[in-house]
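Novice: Output the structure for:
(3 chains)
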Amino acid sequence: MRRIKSNINTNSSEFKEFKQHNQSLLAEFHRRQEKARHERPQRDLDRLAKQNKMLPRERLELLLDPGTPFLEFSSLGACEAYDGAAPSANCITGIGIVGGREVVINASDSSNKGGAWFPLTAKKIVRALDIAIENRLPVIHMCDSAGGYLPLQSDLFGDKYMSGRIFRNQTQLSKLGCKQLALVFGHCTAGGAYTPGLSDYSVIVNGTGAVFLGGPPLVKAATGEDVTVDELGGARMHTSVSGTCDYYADNEREAIAIGREVVSQWEQPQKFALQREAPEDPYYDPSELYGIIPNDIKKQFDIREVIARIVDGSRFAEYQPDYGTTMVCGFANIWGYKVGILGNNGVLFNDSTLKATHFMALCNQNNVPLVFLQNITGYMIGKEYEQRGITKDGAKMLMVQGGVDVPKFTVMTNGSFGAGNYGMCGRSWDARTLFAWPQSQIAVMGSDQAANTLVTIKVNQMKREGIEPTPQELEEIRAEVLRNYENSTSAYATSSEIWDDGIIDPVDTRNALGMSISASLNAPFGGTQYGVMRY
Amino acid sequence: MAIFKKVLIANRGEIALRVLRALQQLDIPSVAIYHDSDKHSPVVRQADETVEIVGESPTAAHLDVQQIIDICQRLGVDGVHPGYGFLSENAGFAKALAAAGITFIGPSADVIELMGDKITSRNFVQESGYPVPPSLTVDSTLLDKSRDEIESLINSVEGMKFPLVVKASAGGGGKGMSIVNSIDELEGTLRVASSEAQKYFGDDRVYLERYFSSARHIEVQILGDGVEAIHIGERECSVQRRFQKIVEEAPSPAFGEEKRMEICEVAVGIAKSANYSSAGTVEFLYTPEGEFFFLEMNTRIQVEHPVTELVYDVDLVAEQIRIAAGNSLSLRQNDIQKDGHAIECRLCAEDAFNDFMPETGKVLYLKEPVGEGVRFDSGLYVNQAITTAFDPMLAKLVVHAPTRELAIERCIAALKQLVLLGIKVNTEYLVKVLEHPQFRCGDIDTAFVNTHAQDLIAEEPTREQQQVVLAAAYLSDRATQLLLEATPEPYAAIGHWRN
Amino acid sequence: MQPIYTLNDNEHKVTPLRRNSQITLDVDGHSFDARLHWHDAHHGEITINGAPHEFYAAQDDNKLFIHFDGKVWNLTSVDEFSSASEGADSAGAVTAPMPGVVVEVYAPVGSRVEEGDAVLIIESMKLQTEIKAAVSGVVKTIGAQAGASFDKGAVLIDIDADEATES
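Specialist: Residues are numbered from 1 along each chain as shown, chains lettered A, B, ... in the order given. Okay, here's the model as predicted:
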């Protein structure tokens, strides 16, 4: 496979300018991550210390195998919601390695508000369990949550994809043969009690861990019975009397050690034998991505320069290099795994749309997973293109993309606007994982068009009321509309709502994709029988 | 030459194997007895016949006289070699064997009784006109006396003064010994010593002796046939811990030919006075002032006999067997010629840098040192459980070289070459002893280990050493390797990474 | 999981960072590349930052023995399981400083002892040692009866301390 020839001049003033711009964006990203992960109310830290509890991330590090990666999901989930009251959506989820097995982790973050579930906490957990279902991965639940956050209970409870979905997903996992382990570090009350209850294995820590449908105060109020936490749902009781939990642990460290031992007994899954080569680091330095991504979302860049800094050896077997050139398609390896890559080099015309459609069909028949690198303003509009059937061609692309059986992975490298978001496998299209770069944006249309549209609507409204805005007023209105629009379309805003599986540093894209692909091979796919059509 | 039809080895470990070698060389059929815990040991695999012995404990089995005699009679054994320890200085055993018409390979029961008991032997030696250290026998009435009375009793013995050492009359091998620095400590020490003496030797008699803190321990190897007696030079055994020798050498660096002849001749005189027959050792204290005192006589083969064998090219165990079979000495004093220098190190299962605490474990891997002049006497084998049931001494490294300096170098090299994994052994400590400048120049006494305690400490590992050791440990640790191997692709190659 | 090894009573963290043809290890905050080649099951050569070192290794459960540079290094891999048998953290508990055998028990279970009283005599190899009560109180447990052997670290005696002593 041929190496991509990079045309980037790392000494150019443009490269340096972009690099400086992106590195400052990165610094901001890391600052927000640091805050979301580690800045905690002293009250919560004191309480954990008093209870002799570890911080959730300390537990996580002890659980994971040494020398292995952890792909964390939605580290900035809920960070723009609830006035920042639920950093990282008050939980930690991701894919890690325990006892040599790939597992999904679902850990309560008891270092903030007792690990209470906010609406977005439920969304983030449900998403993690969806990932487990889609990829047939076992799950380790690290339970230490105070339960639903009552002030917001109506946004949390009752609807299809709210908290009940967590337990529903647990049952579906079990049905699929995906094992679950619950490590009970804190109280699992009411619905929360079903997490260990629905797990195949559970370990409970003496003294701090407890499982019950109703805690002592509720029992007292309901039946008048006086009972202690330990009697009602403590480690000794559940491991020797009720059988609700399997293993008694003296402390959190032991619980984790027992958990690791349990997982080590699970069968090693037979993964899909995806075509694979020995991994090779990219020839071009991934950190050069900082000088490639422009400082303005409207500036174009060659997606091949991005591919060259993600794939093995910077090698890329490009498909139809001279046809439909705004769509770059081709084969490459990521951490050894064969993938088909679709990347945008401009707006989708009829030919580039059909090229993408054909390429996806080829990959699907060939059992090659798809990687979408989104930088898309949408499908070309206008008389000429409609007459050539752009709507029809776009529908073909969606139909094939929605119908493929191979795993799909999406990275929001820059803009993701309009129907292009759909065609390039946006959130609604079941990418196994979807990650966003810090400067990326998602919206139904680009901010300038949107601002113009919104300003027009507003001015018309004012005119109806007999007000004629001055040019200065017009400019102010426009600026405010633009600011609000950009705030709501920024990666921070969309990631907060868990429209993706997290914002990542561009240089981490290769590892994030490598782990996602590896994880996806736990679920069966392939065997599609059809003739590939040259659309 | 008269010789035995079949000899039973009433011992275990390295000395049982050593006796077996001598029997094989003399073409005498052998019988090994063993407790179940030793059933996989080399001597059991190599002896012509083997019989399991039973007892409440492994030691009890080896001390069961009747059981051993029954085996001898059943198998037609006409000689028993007791090795050292166990029944080797048990006159009752020698008598019982004699009554059963079986030869005890060692001196006669009378001589064992005379020389084996410390109180009677020191009286005998004193009466024969040889020097003994000032001492006081303790009888049951002593502890009832007042403090003043005890003090005046001690002062009444010429040359007697604190510190004193309490010894069990029936003792040996350092068991039941302790030092008393003042009259305040006397009562408690005597009580414990007496209880220990009763437990180990079935005899609670103890006695007090003046303790020479900076004397050397010199012993002379004797061979006698009941009529004639010769010496095979001396051994220096001053480097001791807990009254037990850990490094021995021949000849002693302490003195010149004249003094050597003097002390050796005294030893021969004592042996002759006792009509000593077999191999034996006469132990002396040698003071910095050049005085020497008789300490005790060991009527058996000694642990440290190999240093004599290497320097004088004799086979002491074979000589013991020949003499016991009724032959007169085959060697004359003139035949005994010194050649070079030999050093023995006792490898013990202990944490030498932590007050010599005993260690238990299992032999997981053994690679014996080899090389010119290197002899390694051991009964060790892989998977052997090292328990507290037996003595902590596991093996002996003995080296022979033309000079003492060379012997030290060879010994250090061999100690470093020895690979014994699975149990903490004093190898590094022994290297520290041999490397000590005072040892190198031969300036040693029985307090050596204590005097130089601040030098004889574990070396602080360098960072590089730690890195190598920790990396090797991690990479050979079964648990971590299994985990690494189980790591699915591409996670090991991605390694530790967080997004 | 954080691999930790005890060497000479000090704990050392060994963290693998990455493994391909060789492994990158972090030992106590210093990282280096290591490569291992086994000559046989126990004898190997480890190359660290390009420099080769011969060693021998053997393992008994969590105890590791490495012969390197002319001496044996005893290591223990630390696990997170708390052992019930090690229990005894009461003030009155005395654990065995070394393996051995109980010679005599002076103070049977239920008897009263004062701090410093001899409660039993143990013997290891050739030494008898008196085990003394650490606190005044009533003997709750005797770990091993006369004649019985015990391992290093075993609880020899546990005393229910008097209230006054505890406070």
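Novice: for the record, mean pLDDT for stretch A:241-253?
Specialist: For stretch A:241-253, mean pLDDT is 95.
Novice: Can you get me the start-to-end distance on it?
Specialist: One end of stretch A:241-253 sits 24 Å from the other (CA to CA, to the nearest Å).
Novice: Need the contact partners of it.
Specialist: A:52-54, A:59, A:62, A:182, A:184-185, A:196-197, A:201-206, A:208-209, A:211, A:233, A:235-236, A:238-240, A:255, A:258, A:262, C:80, C:82 (CB atoms under 8 Å, 6 or more residues apart in numbering or on different chains). Placement of C-beta: from N, CA and C, glycine included.
Novice: Helices - which of these land there?
Specialist: Among the contacts of stretch A:241-253, the ones falling in helices (DSSP state H) are A:59, A:62, A:196-197, A:233, A:235-236, A:255, A:258, A:262.
Novice: Which of those are buried? Put it as a ChimeraX command.
Specialist: Here is the ChimeraX selection string for the buried members of the ones in helices among the contacts of stretch A:241-253, based on 16 or more other CB atoms under 10 Å in any protein chain shown:
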select /A:59,62,196,197,233,235,255,258,262
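Novice: and of the ones in helices among the contacts of stretch A:241-253, the nearest to A:Gly100?
Specialist: Distances from A:Gly100 to the ones in helices among the contacts of stretch A:241-253, taken as CB to CB, are shortest for A:Val262 (13.0 Å).
Novice: partner residues bridging the closest residue to the closest one other than its chain neighbours?
Specialist: Nearest residue to A:Val262, sequence neighbours excluded (CB to CB, 6 or more residues apart in numbering or on different chains): A:Tyr201, at 4.9 Å. Counting by DSSP bridges, A:Tyr201 forms beta bridges with A:Leu181.
Novice: check contacts around A:Tyr201.
Specialist: A:179-182, A:246-247, A:259, A:262.
Novice: What residues does chain A have near chain B?
Specialist: Within chain A, the positions lying close to chain B (CB under 8 Å from any CB of the partner chain) are A:65-72, A:75, A:97, A:99-102, A:264, A:268, A:271, A:276, A:279, A:335-337, A:502, A:504-505, A:508, A:511-512, A:514-515, A:518.
Novice: Please flag which of those residues sit within strands.
Specialist: A:71-72, A:97, A:101-102, A:337 (DSSP state E).
Novice: Give the residue farthest from the middle of chain C.
Specialist: Distance from the centre of chain C peaks at C:Ser21, with 35.3 Å (CA atoms, centre = their mean).
Novice: Reduced to three states, what does it come out as?
Specialist: Under the three-state scheme (DSSP: H, G, I helix; E, B strand; the rest coil), C:Ser21 adopts coil.
Novice: helix, strand or coil for the closest residue to it other than its chain neighbours?
Specialist: In this structure, C:Ser21 finds its nearest non-sequential neighbour in C:Arg35, 7.7 Å apart by CB to CB, 6+ apart. Secondary structure state of C:Arg35, per three-state DSSP, is strand.
Novice: Could you list everything C:Arg35 pairs with in the sheet?
Specialist: Assigned bridge partners for C:Arg35, using DSSP bridges, are C:Thr47.
Novice: cool, C:Glu54 as well?
Specialist: Listed beta-bridge partners, C:Glu54: C:Glu45 (assigned using DSSP bridges).
Novice: My understanding was that it contacts C:Glu45; is that so?
Specialist: Yes - C:Glu54 is in contact with C:Glu45 according to CB atoms under 8 Å; the separation is 5.6 Å.
Novice: Could you check the pLDDT of the residue farthest from the centre of chain C?
Specialist: The model reports C:Ser21 with a pLDDT of 78.
Novice: ok, then the element right after whatever helix or strand A:Gly420 lives in?
Specialist: Take DSSP states H and E as the rule and A:Gly420 turns out to sit in helix A:419-423. Scanning forward in sequence from helix A:419-423 by DSSP H and E, the next helix or strand is strand A:433-436.
Novice: what about the closest residue to A:Ala36 other than its chain neighbours, distance to A:Cys329?
Specialist: Of all residues not flanking A:Ala36 in the chain, A:Pro87 sits nearest, at 4.0 Å (CB to CB, 6+ apart). Per CB to CB, to the nearest Å, A:Pro87 is found 39 Å from A:Cys329.
Novice: can you count the residues close to A:Glu480?
Specialist: 14 (other CB atoms under 10 Å in any protein chain shown).
Novice: just the helices in chain C please.
Specialist: For chain C, helices defined by DSSP H occupy the ranges C:163-166.
Novice: Outline the domain layout of it.
Specialist: C:4-77, C:84-166 (automatic domain parsing).
Novice: Would you single out the least confident of these?
Specialist: Taking mean pLDDT as the measure, domain C:84-166 is lowest among the domains of chain C, coming in at a mean of 76.
Novice: now check that one, is it near chain B?
Specialist: Yes - using CB under 8 Å from any CB, domain C:84-166 reaches chain B at C:97-101, C:103, C:121, C:123-128, C:130, C:149, C:151-152.
Novice: of those residues, buried ones?
Specialist: Counted by 16+ other CB under 10 Å, the residues of domain C:84-166 next to chain B give C:97-101, C:103, C:121, C:123-128, C:149, C:152 as buried.
Novice: No further queries at this time; thank you.
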